[in-house]
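J.: I would like the atomic coordinates for the input below:
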Amino acid sequence: MMPLSKNMNPARPVTLVAIVTALTIFGDAMLYVVLPIYWKEVGLTALWQVGVLLSINRFVRLPLNPFIGWLYNKMSLRTGLLAAVLLGAFTTVGYGIWKGFAAWLVLRSLWGIAWSLMRIGGYLTVINYSDDTNRGYLMGKYNGLWRLGSMVGVLFGGVLTPVFGFEFMSIFFGILAFIGVPLILISISSKAKKYGSSNIPSAQESKGIWSKPVTKMIICGLLISLLHAIFGSTLSLVIDLNHSGTVWLFGILITSTALGGILQAVRCAWEPFLATWFGHRSDGPRGRLPLFILSLVGAAAGYALMPWHMPIYAWIAIVIFIMVTMTVTSTLMDAMATDVARQSSVIAVMTVYSVSTDLGAAIGPTLTFWVIDAQYGMQAIFIGSAAAFLLIGLWYRRELLEQMHTAMLKIYK
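T.: Residues are numbered from 1 along each chain as shown. Down below sits the predicted model:
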């Protein structure tokens, strides 16, 4: 951990970097609700181009994440985060200036690079400024705050774009992203270490990156991000199939897409509070595993119930419960990844973990829409997901029992 001054609160740099991440993601989040409507205004000629542009940044990250990790071995944390802010701000402003599929393909690919720099830099910030007593709390705070940026981008982008126009909102969000430059300069010390100067010998790092705990963490990170992507990509579709596209809610007729958007926005709104709280709880003497396994069991129950037709208020309660478990599992999975990384090669572990979660998020929707057309396909994908959550919990059961046994021995001693 990077040494702190006596008066420095370790939560301060993590909070500021989370705010910077939120500012940087405004423009990207806006595109998911605005681009499918305003695609002709930016010079696109077909709707398929919208799909390519909204996904290319994720596919760019898959092969580039190892390269980004290598860069963090050669440069300081501050340099990497500044590069992410500048590149992210540039691409967001670019959405409002350049037109045409080719130009946008370049911009979206550059955004993929910016997000890899920012995401890995965010993980490293938490690792730098945390220890075993507050790592879950700081990871929850970081994840909760930056996800507010998605909510702001979706809501304000969707509401204000029809009023001010797409070009204005893109340039405006890009200018806001530039605010991240001074925030990084005041929050991250220029003396922050380069991760290439690790005290762990390279041979030991090579062995540690493929150790059993690291391999388990990588596989579980991929699976959990895949399962969460299944939920996000089918939420509106489940409403549409079970309630004919519209629902009456508190006397108001709401479309499936609107209700799906509202529910996702609710999750973004509670993230700073629930993610921080659950992360803090996991820093206690019982550790992360009991709460993590409990959230996996809860997620399994919620997923098993989600695809079935039932009264809308009961269904919404189940969805909210699922989203709470998603907050817990994603926060604790990230915290557990940083725990493992501290015991091995920080850059290598977090880079591979980032690749695995990106891969899971990319596979999830593809797998879903491949299965969903079959008879009872929707039910099959969610029941299969529920079983996957239970299998992950069973995989960690032995570690939990060992942890409980060690705790009992300490009590009797």
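
J.: And the strands in this structure?
T.: 246-249, 252-255 (DSSP state E).

J.: okay, those strands in TSV with distance to residue 312 next?
T.: C-beta here means a position set from N, CA and C on the backbone, and glycine is covered the same way. Putting these into TSV (distance: least, Cβ to Cβ, whole Å) gives the following:
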stretch	distance to residue 312
strand 246-249	5
strand 252-255	10
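
J.: Highest mean neighbour count across the ones you listed, which stretch is it?
T.: strand 246-249 (a mean of 14; mean count of other Cβ atoms under 10 Å).

J.: What residue spans form the domains of the chain?
T.: Domain ranges of the chain: 11-193, 209-412, per automatic domain parsing.

J.: Any chance of TSV for these, columns mean pLDDT?
T.: Formatted as TSV, those follow (pLDDT from 0 to 100):
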stretch	mean pLDDT
domain 11-193	89
domain 209-412	84
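
J.: okay, the ones you listed, which one's buried deepest?
T.: domain 11-193 (a mean of 20).

J.: any idea how far residue 82 is from the nearest residue to residue 151 once chain neighbours are set aside?
T.: Excluding its sequence neighbours, the residue lying closest to residue 151 (Cβ to Cβ, 6 or more residues apart in numbering) is residue 268, at 3.5 Å. Using Cβ to Cβ, to the nearest Å, residue 268 is found at 26 Å from residue 82.

J.: Touching, residue 60 and residue 113? I think so.
T.: Yes. Counting by Cβ atoms under 8 Å, residue 60 touches residue 113, with 6.9 Å between them.

J.: show me the contacts for residue 330.
T.: 143, 224, 225, 228, 275 (Cβ atoms under 8 Å, 6 or more residues apart in numbering).

J.: quick one, helices of the stretch 151-300 of the chain?
T.: 166-178, 180-187, 202-209, 212-243, 256-282, 289-305 (DSSP state H, counting those that start in this stretch).

J.: can you list these in a markdown table and add distance to residue 398?
T.: Formatted as a markdown table, the helices of the stretch 151-300 of the chain follow (distance: least, Cβ to Cβ, whole Å):
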| stretch | distance to residue 398 |
| --- | --- |
| helix 166-178 | 45 |
| helix 180-187 | 40 |
| helix 202-209 | 21 |
| helix 212-243 | 11 |
| helix 256-282 | 19 |
| helix 289-305 | 10 |
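
J.: Quick check: which of those is nearest to residue 366?
T.: With Cβ to Cβ, the closest approach to residue 366 among the helices of the stretch 151-300 of the chain belongs to helix 212-243: 9.1 Å.

J.: so that closest one versus helix 289-305, what angle?
T.: 30 degrees (axes from the mean of the first three to the mean of the last three Cα atoms, to 10 degrees).

J.: when you compare where helix 212-243 runs with where helix 256-282 runs, what's the angle?
T.: 150 degrees.

J.: Which elements pack onto helix 212-243?
T.: Using 3 or more Cβ pairs under 8 Å, 6 or more residues apart in numbering; DSSP states H and E as the contact test, the elements touching helix 212-243 are helix 256-282, helix 289-305, helix 312-342, helix 346-371, helix 377-395.

J.: right, so of those, which gets closest to residue 240?
T.: Of those, the one closest to residue 240 (Cβ to Cβ) turns out to be helix 256-282, at 4.1 Å.

J.: Just list what that closest one packs against, helices and strands only.
T.: Checking 3+ Cβ pairs under 8 Å, 6+ apart, helix 256-282 ends up next to helix 135-164, helix 212-243, strand 246-249, helix 289-305, helix 312-342.

J.: Now with 10 Å, please.
T.: Helices and strands touching helix 256-282, by 3 or more Cβ pairs under 10 Å, 6 or more residues apart in numbering; DSSP states H and E, are helix 11-38, helix 135-164, helix 212-243, strand 246-249, strand 252-255, helix 289-305, helix 312-342.

J.: just the angle between that helix and helix 135-164, please?
T.: 160 degrees.

J.: Identify the residues contacting residue 288.
T.: 135-136, 278-279, 281-282, 328, 331-333, 335-336, 339, 396, 403 (Cβ atoms under 10 Å, 6 or more residues apart in numbering).

J.: Looking at the residues you listed, which is nearest residue 317?
T.: residue 328 (17.0 Å).

J.: Give me the nearest residue to that closest one, chain neighbours excluded.
T.: residue 295 (3.8 Å).

J.: Check residue 260 too.
T.: residue 236 (3.6 Å).

J.: That neighbour reaches residue 247, doesn't it?
T.: No. Using Cβ atoms under 10 Å, residue 236 makes no contact with residue 247, being 11.3 Å away.

J.: ok so, going back, can you name the residues that contact the residue nearest to residue 328?
T.: 278, 324-333, 389, 393.

J.: Let's have those in a markdown table, adding distance to residue 68.
T.: Listed next are these as a markdown table, based on distance: Cβ to Cβ, whole Å:
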| residue | distance to residue 68 |
| --- | --- |
| 278 | 28 |
| 324 | 32 |
| 325 | 30 |
| 326 | 26 |
| 327 | 26 |
| 328 | 28 |
| 329 | 25 |
| 330 | 21 |
| 331 | 23 |
| 332 | 24 |
| 333 | 20 |
| 389 | 30 |
| 393 | 32 |
